[in-house]
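Engineer: mind looking at a prediction? Sequence and model below.
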Amino acid sequence: MRAVRARVARHLVGRARELDLLLAAVAAGRDVLLEGPPGTSKSTLLRSITAEWGIPLVFVEGNADLTPTRLVGHHDPARVLREDYSPDNFVPGPLVEAMRAGGFLYVEEFNRAPEDTLNTLLTAMAERRIAVPRVGVVEALPSFRVIASMNPYDNVGTTRLSTSVHDRLCRLAIGYQDAEAERGIVGRRTGVESPRLVADAVALTRATRERDDVRQGSSVRGAIDTALVAAQLAAMRGVPLPDEPSVAPPRGLPEEYTDVVLDAVLLALSGRIFLDETLESSPEAVLREIWEDHFLLQPAAAEPG
């Protein structure tokens with residue numbers, strides 16, 4: 001397990017504790033609920049583990065359309081008309097596919113799935129088998145796991161999970177990483193060679209999570225897009241990117257560069273932040289304030305006198 005952990009960790013930036021806990025849970029044969037906001041490496045953790053184990057990761061999105069039939073599978077209507085019902089014309093759904101292949105069934109937005117669908121999953125988790133009409137009993141391979149994820153900050157269109165669901169799942173809470181880890185993620189994902197731009201993109205994105213008037217800020221995906229868009233805008237406009245590696249409040253940066261970052265922030269983050277319902281403002285106005293705080297107010301406050 002130590003060797004497996006070391007190989008999986010090479011695919012990640014940080015997340016040492018979360019990797020230990022998740023790997024220990026699935027190695028112990030447990031099903032897991034990952035609870036955290038979007039963009040906190042939940043999918044990356046799972047992809048890394050399943051790739052190392054050589055098993056499939058089967059994605060399914062939890063929503064009102066995820067009926068038990070869509071989850072388990074169905075018989076091909078055209079073939080049923082010709083041949084009647086038989087195991088041969090059964091089209092497996094993601095649950096049966098994961099059970100037969102011994103993979104991880106990853107249910108995103110778990111708390112959006114209908115209750116009868118969750119009950120089908122409860123049977124699979126408890127018995128490691130399900131009975132499919134006109135097909136028979138489907139037995140899960142030993143490596144089969146159910147991994148669910150949910151966003152604790154999103155209450156629109158969600159349902160409260162029952163105690164029977166919680167009783168069958170280990171829960172791992174995953175939050176945002178620190179600034180250093182997020183700079184490492186943005187640098188790795190974008191290939192942007194300006195440490196200053198990477199640092200600015202991360203700082204501005206993290207600032208959206210710290211304001212009282214923002215109900216939910218942007219994940220590190222917003223910083224990735226900010227850096228990528230800003231780099232393209234700078235190339236188009238002939239604006240050189242600063243090479244300063246420091247992450248302290250910026251001083252003396254060219255106005256053309258800060259304008260590029262503002263445009264990139266408005267494009268990349270305005271659809272990713274959710275304001276308090278009582279706020280009479282717009283995402284663009286809030287982001288401009290964050291930009292002003294970062295590029296104008298903080299440097300001014302740092303100057304002598």
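Structural biologist: Alright, I've got the coordinates.
Engineer: show me what the lengthiest helix in the chain is packed up against.
Structural biologist: Using DSSP state H to assign secondary structure, the helix with the most residues in the chain is helix 220-237. In this structure, helix 220-237 packs against helix 179-190, helix 195-207, helix 255-269, with contacts taken as 3 or more CB pairs under 8 Å, 6 or more residues apart in numbering; DSSP states H and E. Placement of C-beta: from N, CA and C, glycine included.
Engineer: grab the nearest non-local neighbour of Ser48.
Structural biologist: With sequence-adjacent residues excluded and distances taken as CB to CB, 6 or more residues apart in numbering, Ser48 is closest to His11, at 4.2 Å.
Engineer: was I right about that neighbour contacting Thr44?
Structural biologist: Yes. With contacts defined as CB atoms under 8 Å, His11 counts as touching Thr44 at a distance of 7.1 Å.
Engineer: mind listing the shared neighbours of these two?
Structural biologist: Shared contacts of His11 and Thr44, defined by CB atoms under 8 Å, 6 or more residues apart in numbering, are not found at any residue.
Engineer: now do stretch 27-44: distance to the chain's middle.
Structural biologist: 9 Å (CA atoms, centre = their mean, to the nearest Å).
Engineer: ends of that stretch, what's the gap?
Structural biologist: Across stretch 27-44, the straight-line distance between its terminal residues is 17 Å, by CA to CA, to the nearest Å.
Engineer: tell me which residues of that stretch are tucked away?
Structural biologist: Of the residues in stretch 27-44, those buried by neighbour count under the rule 16 or more other CB atoms under 10 Å are 31-43.
Engineer: same check on stretch 215-222?
Structural biologist: Applying a neighbour-count criterion of 16+ other CB under 10 Å, the buried positions in stretch 215-222 are Gln216, Gly217, Ser218, Ser219, Val220, Arg221, Gly222.
Engineer: that stretch: how far from the chain's middle?
Structural biologist: 11 Å.
Engineer: now, the buried residues of stretch 27-44 that are in strands?
Structural biologist: Assigned to strands by DSSP state E, the following of those qualify: Val32, Leu33, Leu34, Glu35.
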